[in-house]
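Enquirer: this one's sequence-less:
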């Protein structure tokens with residue numbers, strides 16, 4: 001059997017991380033079995049559609065490297081791949097179900113349904129459609145439909161027996177039919193609901209394996225009843241556990257949890273995100289953690305999936321990201337870091353390559369770079385107590401003396417490079433008889449204004465240039481004048 005899988009998002013906004021993981025697993029499964037991976041846009045819920053969301057889905061899939069073989073913008077033999085463009089397909093098939101007795105037109109108004117729902121709630125019951133319109137004579141129903149009276153088409157779920165399906169992860173799932181509701185298949189606007197469109201499209205697109213979230217476990221028995229009514233062979237199902245923010249809450253955009261686009265904008269590396277997402281609910285069977293997308297295809301096995309919900313740990317993602325950045329080719333790092341350098345240093349004559357050399361091993365996420373190098377653009381308003389360092393045995397009084405002695409030495413440096421700065425100041429330290437750290441700590445505080453910096457005094461002084469370095473040292477002396 002030639003494997004055909006599909007990722008079928010709704011265009012309701014950015015690609016959230018649970019959706020990205022579903023797309024990734026669906027892609028990996030198809031490629032592992034040398035099959036076809038399809039993108040289908042399920043846009044029948046027009047009220048929830050967000051302008052531009054379809055293009056965002058295309059963009060996110062490309063950025064993630066999940067290149068689909070068939071889809072709205074690449075074509076294929078089973079299109080259209082956008083459900084609203086397939087509208088003419090669904091009604092004839094729904095009417096076929098009506099003729100078979102597996103569905104029926106329903107003329108109940110919204111107000112009538114709301115009243116029955118309120119009555120059920122008052123009785124302490126869960127509302128379930130009571131098949132009120134099932135008993136309307138077929139010919140009468142046809143006349144009412146033809147007259148333009150608003151209607152929907154509902155699935156006629158049997159009152160007895162069971163509905164079931166088999167899942168690669170959850171095994172055999174079976175539910176009593178009398179617990180299932182008569183879902184709406186075709187809405188008043190003539191568009192199908194997800195409950196109908198996904199069955200029709202999966203069959204017509206020859207989808208062999210359906211991978212989606214466990215939230216669809218309870219609905220899938222009803223989908224199989226539709227397959228049975230049509231006489232179609234259902235696909236093989238694999239329902240994926242949800243991605244959780246913590247033990248009690250699903251990951252959700254409405255709570256401010258990041259989307260894939262958000263993470264990219266924050267400076268997470270796409271390869272790190274994909275690698276991390278792959279391990280949310282799947283294990284390769286050993287302790288290996290780092291994979292390229294090609295290596296994931298090779299390693300992926302649905303037997304490694306876990307039934308338990310996966311916890312999205314932002315700290316773990318950040319660690320993954322930092323590892324990817326450290327292993328990154330330097331030129332790639334420089335290219336990716338430059339826009340973040342520009343945020344605070346644009347227009348200043350700074351050696352970006354040298355900053356990148358100092359920063360690559362310290363960068364966890366690219367959006368943290370500006371705060372780490374902001375001191376290069378402007379000296380922070382620091383407390384002189386920063387000069388106190390127990391190990392170096394320095395304090396503000398000693399710092400005042402050290403800076404005053406170092407100033408003329410640095411003023412005499414003509415070739416302002418790290419090497420010449422190092423040689424000049426180290427010769428001065430040797431003459432002074434002081435320990436190296438005792439001298440370097442206060443002069444670095446004076447030109448950086450903070451304890452933690454990428455690089456030491458020589459690197460920072462080189463980046464700042466002679467004029468700014470000397471200005472900051474003099475400012476440091478001024479701060480210490482009353483000590």
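Expert: Nice, I can see it. All values reported here derive from a predicted model rather than from experimental measurement.
Enquirer: Phi, psi for residue 426 please.
Expert: phi -70, psi -40 (degrees, to the nearest 10).
Enquirer: what about the closest residue in space to it that isn't next to it in sequence, distance to residue 427?
Expert: Sequence neighbours aside, residue 436 is the residue nearest to residue 426 in space, at 7.3 Å (criterion: C-beta to C-beta, 6 or more residues apart in numbering). From N, CA and C alone the C-beta is placed, and that goes for glycine too. Distance of residue 436 to residue 427, given as C-beta to C-beta, to the nearest Å: 12 Å.
Enquirer: so residue 38 makes contact with residue 76?
Expert: Yes: contact criterion C-beta atoms under 8 Å: residue 38 and residue 76 qualify, at 7.1 Å.
Enquirer: Quickly list what's touching both of these two.
Expert: 69-70 (C-beta atoms under 8 Å, 6 or more residues apart in numbering).
Enquirer: who's in contact with the lowest-mean-pLDDT helix or strand in the chain?
Expert: In the chain, no helix or strand scores lower on mean pLDDT, DSSP states H and E than strand 243-244, which sits at a mean of 89. For strand 243-244, the external contacting residues (C-beta under 8 Å, 6+ apart) are 17-18, 21, 250-251, 280-281, 309-312.
Enquirer: redo that, cut-off 6 Å
Expert: Applying C-beta atoms under 6 Å, 6 or more residues apart in numbering, the contact partners of strand 243-244 are 18, 250-251, 280, 309-312.
Enquirer: Which other helices and strands does the helix or strand containing residue 29 contact?
Expert: Using DSSP states H and E, residue 29 falls within helix 17-32. If contacts are counted by 3 or more C-beta pairs under 6 Å, 6 or more residues apart in numbering; DSSP states H and E, helix 17-32 sits against strand 4-7, helix 270-278, helix 293-299.
Enquirer: a markdown table for these, including distance to residue 264?
Expert: Formatted as a markdown table, the helices and strands packed on helix 17-32 follow (distance: least, C-beta to C-beta, whole Å):
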| stretch | distance to residue 264 |
| --- | --- |
| strand 4-7 | 19 |
| helix 270-278 | 6 |
| helix 293-299 | 16 |
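Enquirer: Pretty sure residue 406 sits against residue 443.
Expert: Yes: the criterion here is C-beta atoms under 6 Å, and residue 406 meets it with residue 443 at 5.4 Å.
Enquirer: Between the two, tell me which one has more neighbours.
Expert: residue 443 (27 against 22; other C-beta atoms under 10 Å).
Enquirer: is it true that the more buried one lies in a helix?
Expert: Yes: under DSSP: H, G, I helix; E, B strand; the rest coil, residue 443 sits within a helix.
Enquirer: Please identify the helix or strand for the residue nearest to residue 465 when sequence neighbours are not counted.
Expert: Of all residues not flanking residue 465 in the chain, residue 416 sits nearest, at 6.6 Å (C-beta to C-beta, 6+ apart). Secondary structure assignment for residue 416, by DSSP H and E: no helix or strand.
Enquirer: so residue 369 touches residue 338, yeah?
Expert: No: contact criterion C-beta under 6 Å: residue 369 and residue 338 do not qualify, at 10.0 Å.
Enquirer: more crowded one of those two?
Expert: Here residue 369 and residue 338 are compared on neighbour count by other C-beta under 10 Å; more neighbours surround residue 369, at 25 against 16.
Enquirer: what sits against the more buried one?
Expert: residue 340.
Enquirer: Same check on residue 10?
Expert: Shown in contact with residue 10 (C-beta under 6 Å, 6+ apart): residue 42.
Enquirer: shaky segments in the stretch 51-200 of the chain?
Expert: Regions of the stretch 51-200 of the chain meeting the criterion pLDDT under 70 are absent.
Enquirer: ranges for the strands of it?
Expert: 103-106, 152-155, 162-167, 171-176, 184-186 (DSSP state E, counting those that start in this stretch).
Enquirer: what's the closest of the ones you listed to residue 316?
Expert: Ranking those by proximity to residue 316 (C-beta to C-beta) places strand 162-167 first, at 28.2 Å.
Enquirer: For that closest one, buried residues please.
Expert: 163, 165, 167 (16 or more other C-beta atoms under 10 Å).
Enquirer: Next: stretch 281-299.
Expert: Applying 16+ other C-beta under 10 Å to stretch 281-299 flags 281-282, 284, 291, 293, 296-297, 299 as buried.
Enquirer: Distance to residue 421 and pLDDT for the residues you listed - can I get that in CSV?
Expert: Shown next, in CSV, are these (distance: C-beta to C-beta, whole Å; pLDDT from 0 to 100):
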residue, distance to residue 421, pLDDT
281, 53, 93
282, 52, 96
284, 49, 94
291, 44, 97
293, 45, 97
296, 47, 97
297, 51, 97
299, 50, 97
